[in-house]
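> Would you be able to build a 3D model of this:
(4 chains)
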There are 2 protein chains.
Amino acid sequence: MRPQRVKTMEEFAALSGISRPTLSKFFNDPKSVRASTRARIEAALARYEYTPNIYAVNQNRLLTRNIGIVVPYLADPFFAEVARNLEPLCAEAGFNPILLSSHGDPGREIENLASLRSIKPAGVLLAPLGRRSRRDEIDAFCSQVPTVLFDCDITGIGDAFFGSNNAQSIRIIVDYLCQTGEPPAFFAMANAPNPNANKRHAAYEAAMRARGQTPMILAAEGEGWNFEEIGLREGGRLIDARALPTDTVLCSNDRLAIGVLAAAYERGQRVGIGPGHALRIAGHDNHPYARYTCPALTTVSQDYDAIAGSSLDRLLAIIESGVRPVVREAQLFDGTLVRRASA
Amino acid sequence: MRPQRVKTMEEFAALSGISRPTLSKFFNDPKSVRASTRARIEAALARYEYTPNIYAVNQNRLLTRNIGIVVPYLADPFFAEVARNLEPLCAEAGFNPILLSSHGDPGREIENLASLRSIKPAGVLLAPLGRRSRRDEIDAFCSQVPTVLFDCDITGIGDAFFGSNNAQSIRIIVDYLCQTGEPPAFFAMANAPNPNANKRHAAYEAAMRARGQTPMILAAEGEGWNFEEIGLREGGRLIDARALPTDTVLCSNDRLAIGVLAAAYERGQRVGIGPGHALRIAGHDNHPYARYTCPALTTVSQDYDAIAGSSLDRLLAIIESGVRPVVREAQLFDGTLVRRASA
DNA sequence: TCATCTTGTTTACGCGCGTAAAAAATTTGA
DNA sequence: TCAAATTTTTTACGCGCGTAAACAAGATGA
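Below is the predicted model of the structure:
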């Protein structure tokens, strides 16, 4: 037999023998009522099925228990993984996660923020599109609702930022590549939508110079978030033109590398380490599919548990305290080398 | 200068010179007021920034303008693509899409439905997990809110179902493979979480028999949604054991095929068509990454635009009409062969 | 032009819950 | 055991908007 459904708190108060204001306190924070009455309420809750009407609740509360999660591109399994980790953490903290994807479109990003604002979220975790993000509009949003940025920084915007330490992560893979073979050229989009690419570019040049090597940049034409396609086309173009200055290519991210791997394969270039191989290809991010490329992709793993977890912790702290931080915290997490067969 | 923010409809009524009930009508359906007054309201809307408080609105309306979209596994770019297509279509129809992923977990699926029910959605588009879905609980949900199933059918549940015609799609790729080389063996999980796998299994056997061939089944052990990993491990096992009865393997879906391709590559088996190749591997779905595997994956493309579009159309029709259909419509869409290098 | 029809206004109530204030009940501590 | 401290109950108002009813104003047509 299933418990009887109860619609209003008034009705539930009558059935449970607890006054409505006490019930209201309980549903806002169970620990705010005495243990004995809490037990009585929970007993009644077992007998009758009742959940407060969230619309009525949120109308009368200045801040809701909603947390917005905005990612730039959900078709990238990377961000799907982040969302998967973030959702249960939000729920444990008593908040309701709302996942939105900008699908690579700056207009969509602003729309997402607008629709979030209409539901008066307690806070927002935002992984911005990056270079094409409409800075002013995002800034206006952040001034209204507590927002923590992650993955991709927009200088000065948001209450905090958590991302990966591109300088460190690029350095370790450059070092690894240099120690095990020819120094790498750096393959990246000429106009990358994401500023991480620029940071990695700079990190690559610094890492090469630190080793006394001269940086070699391979700039890929193309727009948008179809990284695999860009890698395939531009990588193929470079191979065909014999424009590779070295046998080792470090790609700005794994999705580009997946495209370059495909281009090499289609041209009969054997990719990998050891004798008989024409090319080494490495990536960055440890994309969920990096293990399944042919050959498996050598890359740098971002510490996404730490990035997502810290972002949420920081946001929750801001929400709990009720005050926006005066200094904007920015924390970077180190990556770890993932050696596989491709380089 | 940015428009002045107005909080309540009352206030906006005073500022615009329009009565509040008329404004209420306008916001529920702009066409329900005379063109001249509509123009006056829109003019006022340009001067003052006002949007109705959605919590107050939804409290007083029996049905909201929310549409829930529940997918089984968002880390599969496939479903991310579906969501990307569905979201703007919902918005155009004046509804607010809410995307939830079950992340492969039946408990999560039920939780998603529960959290949807608490926001009183006008309707729900549900791609169920499949075999592990908790049928009774989903059924209970469907009896309360209009629900259209897509991708994966649960017999008798929901107001309608739209999916792909596995019988047809498997037949065309079996025919293609038979005509261009050895007949294919069918590689699928022994305990697939998704019933589409079983339908494809049956379709494979039928297609083979129709050609006078005896079906060859390769059953992969493994649980969960880590299809690539299962394909890699089990595909590798089969190759190592020389247990392939033919040089052609048709995988139940592209993600399995991606794993099998990696297994073949790591064992030095050349996959593809033409002389010098040891193996042909084909998939099913036309996964976003199928173009970038090595070699590029021959597969069957599902007509996902049609499936997603029809599902939404049907749901909107049910919502508009206000009546649940008496007969459960189930429509299947044909797939198209995508010839690439792998088979 | 006047009667008729459509649309907007005025007035008023209710939705389900947060929350404040005062009174009542219960627990706590010495 | 009794006064003080804590918790619960009672009572009451407000949130912002949907919506119904009666009425007033404007549009329509012969």
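> that's a helix at A:Gly199, yeah?
No Gly there; residue A:199 is Lys. Yes. A:Lys199 forms part of a helix when assessed by DSSP: H, G, I helix; E, B strand; the rest coil.
> Am I right that it is in contact with A:Asn165?
No. Contact criterion Cβ atoms under 8 Å: A:Lys199 and A:Asn165 do not qualify, at 9.5 Å. Where you see a C-beta, it was placed from the backbone N, CA and C, and this is true even at glycine.
> the more surrounded of those two?
Between A:Lys199 and A:Asn165, counting by other Cβ atoms under 10 Å in any protein chain shown, A:Lys199 is the more crowded of the two (21 against 17).
> For A:Cys251, give me the pLDDT.
We have a pLDDT of 98 for A:Cys251.
> phi, psi of it?
Phi and psi for A:Cys251, reported as degrees, to the nearest 10, are phi -90, psi 150.
> and if you look at A:Val249?
Backbone torsions for A:Val249, taken as degrees, to the nearest 10, come to phi -120, psi 120.
> Who are the contact partners of it?
Residues near A:Val249 by Cβ atoms under 8 Å, 6 or more residues apart in numbering or on different chains: A:Pro184, A:Ala185, A:Phe187, A:Leu218, A:Gly235, A:Val260, A:Leu279, A:Arg280, A:Ile281, A:Ala282.
> Adding neighbour count, write those residues out as JSON lines.
Compiled in JSON lines, those are given as follows (neighbours: other Cβ atoms under 10 Å in any protein chain shown):
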{"residue": "A:Pro184", "neighbour count": "29"}
{"residue": "A:Ala185", "neighbour count": "21"}
{"residue": "A:Phe187", "neighbour count": "28"}
{"residue": "A:Leu218", "neighbour count": "23"}
{"residue": "A:Gly235", "neighbour count": "30"}
{"residue": "A:Val260", "neighbour count": "32"}
{"residue": "A:Leu279", "neighbour count": "21"}
{"residue": "A:Arg280", "neighbour count": "24"}
{"residue": "A:Ile281", "neighbour count": "30"}
{"residue": "A:Ala282", "neighbour count": "27"}
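> got a list of what A:Asn253 touches?
Contact partners of A:Asn253, counting by Cβ under 8 Å, 6+ apart, are A:Asn196, A:Ala197, A:Phe227, A:Gly283, A:His284, A:Asp285, A:His287.
> hmm, 7 Å instead?
A:Phe227, A:Gly283, A:His284, A:Asp285 (Cβ atoms under 7 Å, 6 or more residues apart in numbering or on different chains).
> Quick one: the strands in chain A, in order.
Using DSSP state E, the strands of chain A run over residues A:4-5, A:48-49, A:66-71, A:96-101, A:123-126, A:147-150, A:160-164, A:185-189, A:217-220, A:248-251, A:280-282, A:299-301, A:329-333, A:336-338.
> What residues does chain A have near DNA strand D?
By Cβ under 7 Å from any atom of the strand, the part of chain A that sits against DNA strand D consists of A:17-22, A:25, A:32-34, A:36-38, A:59-60.
> and with 10 Å instead?
For chain A, the residues in contact with DNA strand D (Cβ under 10 Å from any atom of the strand) are A:10, A:13-14, A:16-26, A:31-41, A:55-62.
> Just the buried ones out of the residues you listed, please.
Buried by 16 or more other Cβ atoms under 10 Å in any protein chain shown: A:13, A:16, A:18, A:22-23, A:25-26, A:33, A:37-38, A:40-41, A:55-59, out of the residues of chain A next to DNA strand D.
> Please list which of those are also close to DNA strand C.
The residues of those that also fall near DNA strand C, by Cβ under 10 Å from any atom of the strand, are A:Ala13, A:Thr22, A:Leu23, A:Lys25, A:Phe26, A:Thr37, A:Tyr55, A:Ala56, A:Val57, A:Asn58, A:Gln59.
> Pick the one among these closest to A:Arg134.
When those are compared for distance to A:Arg134 (Cβ to Cβ), A:Asn58 wins out at 27.9 Å.
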